[in-house]
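Enquirer: Sequence below, structure please.
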Amino acid sequence: MSNTAEGYVRSELRGYIRTIEFYHPQSNALPGQLLQRLAHELHSAGNEEECRVIQLKSAGEKAFCAGAFFDELLAVSNEKEGTKFFMGFAHLINTMRKVPKFIVGRVQGKLVGGGVGLAAACDYVIAMEGAEVKLSELAVGIGPFVVGPAIERKIGLSAFSQMAMDGAMWRTSEWARRNGLFAEVYPNKELMDASIERLTHSLAKSNPEAMAEMKKTFWRGCEDWDQLLAERAAISGRLVMSPFSREALKKALKK
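Expert: Here you go, the predicted structure:
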């Protein structure tokens with residue numbers, strides 16, 4: 001477990017199921033330290049013989065993940081630091097892609113920006129009604145460059161471009177299910193958790209080697225993402241230093 005004044009990452013193994021939970025007081029946003037801890041715990045679970053399936057969840061009820069931590073992003077003082085910040089998301093997504101275990105996402109609330117990318121990098125997502133999604137990066141002078149490949153892979157170019165261009169619009173959980181971001185959507189937490197328990201326990205009884213090979217086939221065609229996401233992080237690192245972005249971030253933090 002990793003606890004800080006700005007949140008935590010907790011991990012627990014029960015019956016071949018490794019549950020990884022993260023929390024941040026600002027709507028489960030992801031500062032650099034939490035991004036690193038999440039990637040570390042996922043990587044460790046991938047190498048753990050006793051783990052056959054991973055459940056990824058966040059604490060609380062209202063928000064699954066608010067994406068990038070704006071306070072930290074505004075503190076970036078140069079392009080190199082900006083690129084390093086966005087590389088945290090690149091490393092996390094690539095870790096999720098490479099982990100030889102299925103990752104089942106539990107989405108109980110809203111997702112913004114990097115949070116949408118986090119859900120898209122899961123192999124299967126079970127959500128609640130009210131778990132609305134949006135990509136708000138353009139409003140702060142950047143774009144969903146790093147998380148874009150994961151989202152586009154899940155929902156297709158047309159739906160991704162709609163989200164990226166109209167970053168002020170919330171899409172419903174049903175929209176997310178219909179476009180493939182969510183596999184299942186339930187009206188309450190009890191039904192959502194019951195479905196997650198059913199699926200994870202079923203996978204825990206399955207052949208680990210077969211599941212690892214299946215995951216390889218699901219992610220085929222993404223082998224260049226180490227380089228691609230690094231290039232995308234550099235774009236975001238450059239744009240976040242623009243006068244437009246600095247001013248937009250300051251206004252966002254005042255809201």
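Enquirer: Helix or strand with the lowest mean pLDDT in the chain?
Expert: Taking mean pLDDT, DSSP states H and E as the measure, the chain has strand 2-4 as its least confident helix or strand, at a mean of 46.
Enquirer: State whether Leu111 is indeed within a strand.
Expert: Yes: checked against DSSP: H, G, I helix; E, B strand; the rest coil, Leu111 lies within a strand.
Enquirer: count of neighbours near it?
Expert: 33 (other Cβ atoms under 10 Å). Any C-beta I mention is one placed from the backbone N, CA and C, and that applies to glycine too.
Enquirer: And for Ala252?
Expert: 14.
Enquirer: In terms of helices and strands, where is it?
Expert: In this structure, Ala252 sits in helix 243-254 according to DSSP states H and E.
Enquirer: mind checking how far the spatially most central residue of the chain is from Trp170?
Expert: With distances taken as Cα atoms, centre = their mean, the residue of the chain nearest its centroid is Leu118 (1.0 Å). Using Cβ to Cβ, to the nearest Å, Leu118 is found at 17 Å from Trp170.
Enquirer: before we move on, what about Lys134?
Expert: Per Cβ to Cβ, Lys134 is found 5 Å from Trp170.
Enquirer: Have a look at those two and say which one is more surrounded.
Expert: Counting neighbours by other Cβ under 10 Å for Lys134 and for Trp170 shows that Lys134 has the greater number, 21 against 13.
Enquirer: Bridging across strands, which residues link to that one?
Expert: Taking DSSP bridges as the rule, Lys134 bridges to Val112.
Enquirer: Confirm for me that it is in contact with Met165.
Expert: No: using Cβ atoms under 8 Å, Lys134 is not in contact with Met165, being 11.4 Å away.
Enquirer: could you point out where the stretch 101-250 of the chain is predicted with low confidence?
Expert: Across the stretch 101-250 of the chain, no stretch falls below the confidence threshold (pLDDT under 70).
Enquirer: could you redo the last one with a cut-off of 90?
Expert: 139-140, 246, 248-250 (pLDDT under 90).
Enquirer: in it, which spans are helices?
Expert: Per DSSP state H, counting those that start in this stretch, the stretch 101-250 of the chain carries helices over the ranges 114-121, 148-155, 157-165, 173-178, 189-204, 208-218, 225-239, 243-254.
Enquirer: Buried residues in the helix holding Ala252, which are they?
Expert: With burial defined by 16 or more other Cβ atoms under 10 Å, the residues of helix 243-254 counted as buried are Ser245, Ala248, Leu249.
Enquirer: hmm, back to that, of the helices of the stretch 101-250 of the chain, flag the one that's most buried.
Expert: Each of these was scored by mean neighbour count; the highest is helix 114-121, a mean of 27, by mean count of other Cβ atoms under 10 Å.
Enquirer: Which elements pack onto it?
Expert: strand 63-65, helix 79-98, strand 102-107, strand 133-134, helix 148-155 (3 or more Cβ pairs under 8 Å, 6 or more residues apart in numbering; DSSP states H and E).
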